[in-house]
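Undergrad: Fold the following and give me the result.
(one chain, ligands or ions: 1)
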Amino acid sequence: MISRTLIERLTNARLVTVFTGAGVSAESGVATFRAQGGLWSKFKPEELANLDAFLANPQMVWEWYQARREVVLNAKPNDGHHAIAGLEEFVPHVSVVTQNIDGLHTEAGSSEVIELHGNIRKNFCQNCGVRYDDLELLTEHHVPSCPCGGNIRPDVVWFGELLPSTAIELAEKRAKECNILFSVGTSSIVWPAAGLPLLALDSGAYVVEINPAQTPLTRHAHESIRGTSGVVMPEIMRLLREMKIPSELSK
Ligand code: OAD
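TA: Numbering: from 1, shown residues only. Below is the predicted model of the structure:
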């Protein structure tokens, strides 16, 4: 159930921050992590998503990410991504802060996308840090090496690694200064990202969760809407359009 309060607040908002997780891409066919059948129920993150695993067995880790890349490169933004991008029609500044590494918010047309956990479409050399963002590497079966001798790895944040500082600093700024923060499709258990909605709450923002399931954020949020991103976000857009028509006619 979407409240009238939320729609009214949206029409008056200057800055809306949309904090997203894997659930937003579920309707594009990209698996989430913690659902039954999700990535972390089939694979061990400690064997695949950390630096020690890559140093010990770079080819295995590379292959696992290539398989995920194949899914991501074939995925298209869904109605939820498009509706999040569409909020820009109504709100002067919409900032998308995502834990997703699939690039689908950018593909859907969101102007400001802050990627907290990196981007699976990009790479860098583990040894010297040189970037390798050329698309050919995305279909390379064998772990590529840099002229410096280092192995090239996906530009994603692994367990035990720090989030990119520019991304988390800007995300915290957007959480503090927004009027409304949506938390969409995230289990709200991976820190420091999970702290962003709480930071927004402390700073006086109206916090709205959209998720078919309860999360640790649910009891703190002003509203918790039980539903999927691909249904609820377009419905919010529909209600915003309905609100907008009378105000335009009255000019
Ligand atoms: P999770 O897999 O932990 O949680 C996905 C959330 O999305 C759950 O709360 C689901 O109930 C919800 N969900 C599922 N389908 C949905 C839909 N169609 N619409 C809305 N919500 C839906 O994924 P994240 O919270 O994104 O980090 O996980 C956070 C981080 O943990 C990831 O970025 C990744 C992982 O380890 C790294 O790899 C660094």
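
Undergrad: Is the residue nearest to the spatial centre of the chain bridged to anything, and to what?
TA: Among the residues of the chain, the one closest to the centroid is residue 98, at 2.5 Å (C-alpha atoms, centre = their mean). Taking DSSP bridges as the rule, residue 98 bridges to residue 20, residue 115.

Undergrad: Quick check: it vs the ligand, distance?
TA: 8 Å (C-beta to the nearest ligand atom, to the nearest Å). Every residue, glycine included, has its C-beta placed from N, CA and C.

Undergrad: what do you get for residue 239?
TA: 18 Å.

Undergrad: Tell me which helix or strand that residue sits in.
TA: Element membership for residue 239 (DSSP states H and E) is helix 229-249.

Undergrad: still on that earlier bit, quick check: pLDDT value at the residue nearest to the centre of the chain.
TA: Note for residue 98: predicted pLDDT of 98.

Undergrad: That one contacts residue 119, doesn't it?
TA: No - contact between residue 98 and residue 119 fails when scored by C-beta atoms under 8 Å: they sit 9.7 Å apart.

Undergrad: Alongside the ligand, which residues does the chain contribute?
TA: Taking C-beta under 6 Å from any ligand atom as the criterion, the neighbours of the ligand within the chain are 21-23, 26-27, 32-35, 38, 49, 99, 117, 157, 185-187, 190, 211-213, 215, 228-230.

Undergrad: The stretch 51-200 of the chain: helices as residue ranges?
TA: 51-56, 58-74, 79-86, 104-108, 165-177, 196-202 (DSSP state H, counting those that start in this stretch).

Undergrad: okay, those helices, which one's buried deepest?
TA: Among the helices of the stretch 51-200 of the chain, helix 79-86 has the highest mean neighbour count (mean count of other C-beta atoms under 10 Å), at a mean of 24.

Undergrad: Does anything pack onto that one? Which helices or strands?
TA: helix 23-26, helix 104-108, helix 229-249 (3 or more C-beta pairs under 8 Å, 6 or more residues apart in numbering; DSSP states H and E).

Undergrad: which of the ones you listed has the lowest average pLDDT?
TA: helix 229-249 has the lowest average pLDDT among the helices and strands packed on helix 79-86, namely a mean of 84.

Undergrad: Report the angle between that helix and helix 79-86.
TA: Put simply, helix 229-249 runs at 30 degrees to helix 79-86, going by axes from the mean of the first three to the mean of the last three C-alpha atoms, to 10 degrees.

Undergrad: what sits up against helix 229-249?
TA: Applying C-beta atoms under 8 Å, 6 or more residues apart in numbering, the external contacts of helix 229-249 come out as 2, 6-8, 10-11, 20, 23-24, 26-27, 78-80, 82-84, 86-87, 89-90, 184-185, 210, 225.

Undergrad: residues touching residue 25, list them.
TA: Residue 25 makes contact with 32, 75, 78, 81, 100, 102, 104, 185 under the criterion C-beta under 8 Å, 6+ apart.

Undergrad: Pop out the phi and psi values for the nearest residue to the second one once chain neighbours are set aside.
TA: Across the structure, with C-beta to C-beta, 6 or more residues apart in numbering as the measure, the residue nearest residue 75 apart from its sequence neighbours is residue 28 (4.3 Å). Note on residue 28: its backbone torsions stand at phi -100, psi 0 [degrees, to the nearest 10].

Undergrad: can you list the helices of the stretch 51-200 of the chain in TSV and add distance to residue 140?
TA: Shown next, in TSV, are those (distance: least, C-beta to C-beta, whole Å):
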stretch	distance to residue 140
helix 51-56	15
helix 58-74	7
helix 79-86	27
helix 104-108	22
helix 165-177	26
helix 196-202	34
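
Undergrad: and residue 44, which of those is closest to it?
TA: helix 51-56 (9.1 Å; C-beta to C-beta).

Undergrad: Packing partners of the closest one?
TA: For helix 51-56, the packing partners by 3+ C-beta pairs under 8 Å, 6+ apart are helix 58-74.
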